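Asker: sequence below, structure please.
(one chain, ligands or ions: 2)
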Amino acid sequence: MKALAVFPASREVKIVDRPEPDCAGPTEVKLRILEAGICGTDREIADFRYGAPPADSPYQIIGHEALGEVVEVGSSVTGLVPGDLAVLMVRRPCPHDGCGPCRNGRPDFCITGDFTERGIKGAHGYMTEFVVDDERYLVKVPKELREVGVLLEPLTVAEKAAEQVRVLVQRLPGNLKDDPSNLNAVVIGAGPIGLLGAMKLVDGGFNTWVYYRGQADSPNGRIVSAIGARFLSSTEHPPADLAKIVGNISLIYEATGVATISFDVLSVLGVNGVFIFTGVPGVRAPIEIDAERIMRNLVLNNQVICGTVNAGRDSFEEGVRDLESFMQRFPAAVRALITARMTLDDARDAVLAKGGIKSVITVA
Ligand SMILES: [Zn+2]
Ligand SMILES: [Zn+2]
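Answerer: Numbering: from 1, shown residues only. Ligands and ions are numbered 1, 2, ... in the order given. Below is the predicted model:
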């Protein structure tokens, strides 16, 4: 079978031929990959700036956003049958007994750093024809979501963020934690992570604003208005204007990976506000930020800054329910997130190319 491989030593990205995997244990499931999404992480791995192949392999099969169809199940598998659709989770636990999060099914909070991530770190990914994995790492997706199920993994970034926010608002007294309809949220960035986050916020009842550098009549801007969020151009409005336009900002969801704009917007976070970071910037020279103002606001306004990476099983399952809800409310906007579909033979060019919102490799 074919797979897209990145060779860090020889700096090559090419299709390789691999043996088709089979279920080896009773809890394993074999999937035929239907679609695999491409994101910035794949582009960084293909640019040899990120990721690590499995210890015994000269190359890394990339791809961590995949929708597959079950073709074979081990004898002890209970939750999936052939023909079902499923999405694969990404992170796998570290081997250390002392890692509480990994031993309790939450490797997204691993404390040792020795976790693996399929398609990213120490394990092959999903940009290939067949994948075998343990049932516990697969999440069943209803057949009605066939067209957009490949968006589930990127949506889990927002789902885990929402899980964190639910914990963080518990510190607030009384009605402050109950009613999102009088709460304003700002999403920074309008790529797939930002737009899926905006959908989650709109669906959760927040007054949602999306702040980014593009135009209102761009494909991204049209999705913002189609879902009932409001667009704010960062080229027209400096961050200092945001509080005047939006009012008290209760929640900021960062989805750019750019530190300058993120810290500028942090300085206008409102009273009792929460700021969620999801982007991973490259490590470059230090930048200037208004640290005294930010620190002053953090203290005087009871603010919280929270970073979040990866996601647990609950976030994938909540994501399935949310995708169903999004497809009820604004199906055209969800479909419009996928701006290109290419074959596995063209996957190399697709990963190395830029542009569009979400490109997807159609495998089967
Ligand atoms: Zn991704
Ligand atoms: Zn661990």
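Asker: what's the neighbour count on the nearest residue to residue 143 once chain neighbours are set aside?
Answerer: Spatially, and ignoring its direct neighbours in sequence, residue 143 is nearest to residue 85 (5.9 Å; C-beta to C-beta, 6 or more residues apart in numbering). Glycine gets a C-beta too; all of them are placed from N, C-alpha and C. By other C-beta atoms under 10 Å, the residues close to residue 85 number 21.
Asker: what do you get for the one 5 residues further on?
Answerer: Using other C-beta under 10 Å, residue 90 is surrounded by 27 other residues.
Asker: what residues does whichever residue of the stretch 201-350 of the chain sits closest to ligand 2 make contact with?
Answerer: Going by C-beta to the ion, ligand 2 is nearest to residue 310 of the stretch 201-350 of the chain, at 11.6 Å. Counting by C-beta atoms under 8 Å, 6 or more residues apart in numbering, residue 310 touches 90, 91, 107, 108, 117, 156, 160.
Asker: what do you get if the cut-off is 7 Å, keeping everything else the same?
Answerer: Residue 310 is in contact with 90, 91, 108, counting by C-beta atoms under 7 Å, 6 or more residues apart in numbering.
Asker: same question for residue 292.
Answerer: Contact criterion C-beta under 7 Å, 6+ apart gives no residues in contact with residue 292.
Asker: that one and ligand 1: what is the separation?
Answerer: Taking C-beta to the ion, to the nearest Å as the measure, residue 292 falls 36 Å from ligand 1.
Asker: what about residue 352, neighbour count?
Answerer: Counted with other C-beta under 10 Å, residue 352 comes out at 13.
Asker: tally of neighbours for whatever residue of the stretch 51-200 of the chain ends up closest to ligand 1?
Answerer: Closest residue of the stretch 51-200 of the chain to ligand 1, C-beta to the ion: residue 65 (5.1 Å). Residue crowding around residue 65 was assessed by other C-beta under 10 Å; the count is 29.
Asker: find the nearest non-adjacent residue to it, please.
Answerer: Of all residues not flanking residue 65 in the chain, residue 37 sits nearest, at 3.5 Å (C-beta to C-beta, 6+ apart).
Asker: where does this protein dip in pLDDT?
Answerer: 178, 181 (pLDDT under 70).
Asker: quick check: residues of it near ligand 2?
Answerer: 94, 99, 102, 110, 112 (C-beta under 5 Å from the ion).
Asker: again, only using 6 Å
Answerer: Within the chain, the residues that sit near ligand 2 (C-beta under 6 Å from the ion) are 93, 94, 96, 99, 101, 102, 107, 110, 111, 112, 115.
Asker: mark which of those are buried, thanks.
Answerer: Listed as buried from the residues of the chain next to ligand 2 are 93, 94, 99, 101, 102, 107, 110, 115; burial here means 16 or more other C-beta atoms under 10 Å.
Asker: tell me which of those fall in strands.
Answerer: Taking DSSP state E, every one of these sits outside strands.
Asker: the closest residue to residue 354 other than its chain neighbours in helix, strand or coil?
Answerer: Distances taken as C-beta to C-beta, 6+ apart put residue 43 closest to residue 354, at 7.7 Å, once the chain neighbours are dropped. Of the three states, residue 43 takes helix under DSSP: H, G, I helix; E, B strand; the rest coil.
Asker: can you count the residues close to residue 43?
Answerer: Residues contacting residue 43 under the criterion other C-beta under 10 Å number 16.
Asker: next: the one 5 residues further on.
Answerer: By other C-beta under 10 Å, 14 other residues sit near residue 48.
Asker: please apply the same query to residue 305.
Answerer: When neighbours are counted by other C-beta under 10 Å, residue 305 registers 15.
Asker: and what of the one 3 residues further on?
Answerer: Residues near residue 308, counting by other C-beta under 10 Å, number 21.
Asker: tell me the contacts of it?
Answerer: By C-beta under 7 Å, 6+ apart, the residues touching residue 308 are 160, 161, 164, 276, 278.
Asker: wait, the third one touches residue 305, no?
Answerer: The reference is to residue 164. No - if you go by C-beta atoms under 7 Å, residue 164 and residue 305 don't touch, sitting 11.0 Å apart.
Asker: now the phi/psi pair for the residue of the chain found nearest ligand 1, please.
Answerer: Of all residues in the chain, residue 39 sits closest to ligand 1, at 3.2 Å by C-beta to the ion. Main-chain dihedrals, residue 39, degrees, to the nearest 10: phi -140, psi -180.
Asker: distance of it relative to residue 294?
Answerer: From residue 39 across to residue 294, the span is 29 Å (C-beta to C-beta, to the nearest Å).
Asker: got the contact list for stretch 293-306?
Answerer: 164, 168, 263, 266-267, 269-276.
Asker: inside helices: which ones of these?
Answerer: The helices, defined by DSSP state H, take in 164, 168, 263, 266 from the contacts of stretch 293-306.
Asker: tell me the strands beside the helix or strand containing residue 342, with direction?
Answerer: Using DSSP states H and E, residue 342 sits in strand 338-343. Here strand 338-343 has these sheet partners by DSSP bridges: strand 358-362 (parallel).
Asker: by contact count, what packs against the helix or strand residue 241 falls within?
Answerer: Here residue 241, judged by DSSP H and E, is contained in helix 239-246. Of the remaining helices and strands, those touching helix 239-246 by 3 or more C-beta pairs under 7 Å, 6 or more residues apart in numbering; DSSP states H and E are strand 184-188, helix 259-266.
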